[in-house]
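Trainee: Return atomic coordinates for the entry below.
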Amino acid sequence: MAFEIVRQECMKNPEGRSRPCNPEEICEVLENNQGSDAIQGISLDLSQVGDLQLSADVFRKMPNLMFLKFYSVGVKRSCSVKLPSGLESFSNSLSHLKILWNGVKNFGNLREINLAESKQLTALPDFSAAQNLKHVDLCGNIKSLKSENQLKSLAKLIVVGCYGLKEFSFSSDKITYLDLRPTSVEILDFSTGCMEKLQYLVLNCSRLKYLPINDICCMRRLQSLVLYDIGGLIDKSKLHSLFDALLSLKVIHLDGAFKLTDLPNNTKHLSRLRCLCVSNCKSLQSLSELPPSIEKLGAYECSSLRTLQLTSHFEPSSLADKKLLGPTLCYSVSYLRNLQRLTLKGCEQLYELPEFMDSLSSLSSLDLSESNVESLPASIKHLSNLKQNFLAGLKKTSFSARIAAIPRNC
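Mentor: As a prediction, the model looks like this:
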């Protein structure tokens, strides 16, 4: 009776039924890659059909699939599911999935698993036999993510919205991209193996008890370091250690570091740094000397920020630099000539900008909204690339000062 009700959902096309039941019809759907979003469950007794040969993307068209079972009932004939081209990926929307599989499965050709929408996922399977697995996206109610056996092939791991995740202990020889946000991880352990090829690290773990600085310092190829809601786990001395080791950094984002009062003096040695963003760092009082490579500089809601240093006090290291920058370099000069975007939104204690701004020749965007800047340096009118809309955020600057600050090209 139940089978007949399901069959009547779509009499002619089995792919239009929520739970196709007839073994021959199920084979037709799977072997011809005729899946649809109507299918919610598949249970197939292989003893009735023999070997089943499927394409690598057979499940991609079944985003609402909640139940999948292949089994056989006591027969000696060959009954197996064959994937000649491997299983490349599951659907992007396996939202009801709780468990992938039990035990070790030989998915030697599996390269990608996207479980970003599987919010009911409670446990991960054993991936130790998936030696070609390169990309994993996770979500769900996973409590622990440990890798006793290294996944040597994995290059990209994204763990998003796993609020039940308490412990993360993982490594991969080839991983270049690791994104944990937001999670409730309390224990973060990178010591299980070397991740020297990691280039992109994002951590948003508000309950983290300890930040493994020494392990992160070993990630010498790291180009992007993003630490959200980091709280009291980072301070000036720890940043100094990181910046001494991570000389390839191009992007730094620090959020919520309430112990940070200023940046370490070795920040200026990060010669490849392009983007520096500090947000909600309530104790940050100054942004000290930065590398000339900076293109984007942002301070958001840093309510104690009072000093912004756009000048440098150093001798040129080469004859070429001496000729380029002139004899005044050994004094105080504007040096952030690559800076394109400067954001100082919500910096309540910032009342003025540095005097020497005319050498910021690339500056095109300036955001002073929700700050208390009262006056503008005369040099700002020489910034020919600066867009006039920056004046809209100046609530405490007089009208005449605003007019005087309009760049000459406007």
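Trainee: secondary structure class for residue 216?
Mentor: Of the three states, residue 216 takes helix under DSSP: H, G, I helix; E, B strand; the rest coil.
Trainee: wait, it sits on residue 241?
Mentor: No: the criterion here is C-beta atoms under 8 Å, and residue 216 misses it with residue 241 at 9.1 Å. For the C-beta atoms, the positions are set from N, CA and C on the backbone; glycine is no exception.
Trainee: Touching both of these two, which residues are there?
Mentor: Common neighbours of residue 216 and residue 241 are not found (criterion: C-beta atoms under 8 Å, 6 or more residues apart in numbering).
Trainee: So between those two, which is more surrounded?
Mentor: Legend: neighbour count by other C-beta atoms under 10 Å for residue 216 and residue 241, higher for residue 216 (22 against 15).
Trainee: The more buried one - nearest residue in space that isn't next to it in sequence?
Mentor: residue 242 (6.4 Å; C-beta to C-beta, 6 or more residues apart in numbering).
Trainee: my read: that neighbour touches residue 214, true?
Mentor: No: Residue 242 lies out of contact with residue 214 (C-beta under 8 Å); the separation is 10.1 Å.
Trainee: With neighbour numbers in mind, choose between the two.
Mentor: Legend: neighbour count by other C-beta under 10 Å for residue 242 and residue 214, higher for residue 242 (22 against 11).
Trainee: so who does the more buried one touch?
Mentor: 213, 216, 217, 225.
Trainee: And it, how close does it get to residue 131?
Mentor: Using C-beta to C-beta, to the nearest Å, residue 242 is found at 33 Å from residue 131.
Trainee: Helices along the stretch 251-400 of the chain, start to end?
Mentor: Assignment of helices within the stretch 251-400 of the chain using DSSP state H, counting those that start in this stretch yields the ranges 319-325, 399-405.
Trainee: per-stretch mean pLDDT over those, give me the minimum one.
Mentor: Between the helices of the stretch 251-400 of the chain, the one with the least mean pLDDT is helix 319-325; it has a mean of 47.
Trainee: sorry, back to before: pick the one among the contacts of residue 242 closest to residue 298.
Mentor: Within those, the smallest distance to residue 298 is 15.0 Å, found for residue 225 (C-beta to C-beta).
Trainee: That closest one in helix, strand or coil?
Mentor: Recorded secondary structure, residue 225: strand (three-state DSSP).
Trainee: got the buried residues for stretch 342-353?
Mentor: Across stretch 342-353, burial judged by 16 or more other C-beta atoms under 10 Å covers 342, 343, 344, 345, 346, 347, 350, 353.
Trainee: of all these, which two lie farthest apart?
Mentor: Greatest spatial distance in the buried residues of stretch 342-353: 346 and 353, 15.6 Å, computed using C-beta to C-beta.
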